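Undergrad: requesting a structural model of the entry that follows:
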Amino acid sequence: MQRLKHMVVALRWKAALKSISPLVFLGFARLISTSGVDYQVHVGEYGVHWNFFFTLAAVSILTSIIRIHPKYCGIVGMLVLAGYQVWLNFGLNKYLTSDERSGDIIGQNKEGVYSIFGYWGMYLIGVSLGYFLFHDLSSKGKIRSTQVVKVWVLAASFWILAIILDSYVERVSRRMCNFAYVMLVFGQNFQVISILTLAGSISHDKNLVLEEAFNQNMLGVFIVANILTGLVNLSVDTLSASPLAAFMILVAYTFTLCMLAGLAQFSGVRIKFW
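TA: Coordinates of the predicted model:
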């Protein structure tokens, strides 16, 4: 029996390492490329060596090792975020926002390492919301009619929670990925989804074309978005750009990203490593 448990744990670790290997590769590729071209990187965002690909890898390995049923992911996610927020309020936030850095790998990348708790809690709540919205819905018509109402209610609720937490608990901080930031992210995302579900409710047969394109290639779109952001920052002095120039850059950036996602969907290209 003990041997069987060890085998299960070993298989889980093997599966987890296999799933995160592309993300770790992309993380080191970004680190090497940004260092090679002297790309502007704000150390206070994730740390000296850390980037969001490493955060994704860390969350992935946590979810692979610690298996939680989607029905309970929301409760666990809220507990993780609540505990992390208490830790922040009792001094961790001062450490993360200070210039203090020890010589070890955690101290050098304190923002990225500690924010894993926030992103893990965000992921767990996201899984629970997906289960709540899509589980056990029998007909496509029912999916559309209930989704529109639920998504709009959730969008409004998350915005209200973000405002309350920002005002009375702690200001929104992406660096720390605190409770207010997680609620803000959900509010923004559900606001977009609510518009898509409302538009998509006209047709009960399929998702919107652009929605489907992004759904089928989320990692690919994220990588392309990173590359486009890098190209813009290398080509344009964004800090000195006028409001009109900034708006035009954002429009061109969004159009290019949507066009590439649509072309990938049309051509049957899908970036998925596992």
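Undergrad: alpha carbons only: can I get the strand or helix carrying Ala213 in PDB?
TA: Assigning secondary structure by DSSP states H and E places Ala213 in helix 209-216. Presented in PDB, the C-alpha positions along helix 209-216 are these (Å, rounded to 0.1, in the frame of the first residue of the first chain):
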ATOM      1  CA  VAL A 209     -15.500  33.800 -33.800                       C
ATOM      2  CA  LEU A 210     -12.900  36.000 -31.900                       C
ATOM      3  CA  GLU A 211     -13.900  34.400 -28.600                       C
ATOM      4  CA  GLU A 212     -13.300  30.900 -30.000                       C
ATOM      5  CA  ALA A 213     -10.000  32.000 -31.500                       C
ATOM      6  CA  PHE A 214      -8.700  33.200 -28.100                       C
ATOM      7  CA  ASN A 215     -10.100  30.200 -26.300                       C
ATOM      8  CA  GLN A 216      -8.300  27.800 -28.600                       C
END
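Undergrad: what's the offset of it from the middle of its chain?
TA: Centroid separation for helix 209-216 versus its chain: 17 Å, with CA atoms, centre = their mean, to the nearest Å.
Undergrad: ok, now stretch 33-52?
TA: Centre-to-centre, stretch 33-52 and its host chain are 18 Å apart (CA atoms, centre = their mean).
Undergrad: residues in contact with that stretch?
TA: Stretch 33-52 is contacted from outside by 27, 30-31, 54-55, 101, 105, 108-113, 115, 174-175, 230, 233-234, using CB atoms under 8 Å, 6 or more residues apart in numbering. Where you see a C-beta, it was placed from the backbone N, CA and C, and this is true even at glycine.
Undergrad: ok, 10 Å please
TA: Residues outside stretch 33-52 that contact it (CB atoms under 10 Å, 6 or more residues apart in numbering): 23, 26-31, 54-55, 58, 96-99, 101, 105-116, 119, 174-175, 222, 226-227, 230, 233-234, 238-239.
Undergrad: state the mean pLDDT of stretch 212-231.
TA: Averaging pLDDT along stretch 212-231 gives 87.
Undergrad: same question for stretch 21-34.
TA: Here the average pLDDT along stretch 21-34 is 87.
Undergrad: returning to what we had before: which ones among the contacts of stretch 33-52 are found in helices?
TA: Judged by DSSP state H, the contacts of stretch 33-52 include 23, 26-31, 54-55, 58, 96-97, 105-108, 110-114, 116, 119, 222, 226-227, 230, 233-234 as members of helices.
Undergrad: is it true that Ser102 touches Lys110?
TA: Yes - using CB atoms under 10 Å as the test, Ser102 is close enough to Lys110 to be in contact (8.4 Å).
Undergrad: low-confidence ranges, this protein, go.
TA: Per-residue confidence for the chain (pLDDT under 70) gives these ranges: 1-13, 15-16, 135-145, 199-208, 272-274.
Undergrad: now the helices: where do they sit in it?
TA: Under DSSP H, the chain gives helices at 2-36, 43-46, 52-65, 70-87, 93-97, 105-108, 110-114, 116-134, 140-168, 179-200, 209-216, 218-235, 243-267.
Undergrad: need these in JSON lines (columns: mean neighbour count).
TA: Shown next, in JSON lines, are the helices of the chain (neighbours: other CB atoms under 10 Å):
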{"stretch": "helix 2-36", "mean neighbour count": "13"}
{"stretch": "helix 43-46", "mean neighbour count": "16"}
{"stretch": "helix 52-65", "mean neighbour count": "19"}
{"stretch": "helix 70-87", "mean neighbour count": "16"}
{"stretch": "helix 93-97", "mean neighbour count": "15"}
{"stretch": "helix 105-108", "mean neighbour count": "14"}
{"stretch": "helix 110-114", "mean neighbour count": "22"}
{"stretch": "helix 116-134", "mean neighbour count": "20"}
{"stretch": "helix 140-168", "mean neighbour count": "16"}
{"stretch": "helix 179-200", "mean neighbour count": "19"}
{"stretch": "helix 209-216", "mean neighbour count": "16"}
{"stretch": "helix 218-235", "mean neighbour count": "14"}
{"stretch": "helix 243-267", "mean neighbour count": "13"}
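Undergrad: any idea how far Ala241 is from Glu211?
TA: 30 Å (CB to CB, to the nearest Å).
Undergrad: contacting residues for Ile106?
TA: Counted by CB under 10 Å, 6+ apart, Ile106 has contacts Gly47, Gly112, Val113, Tyr114.
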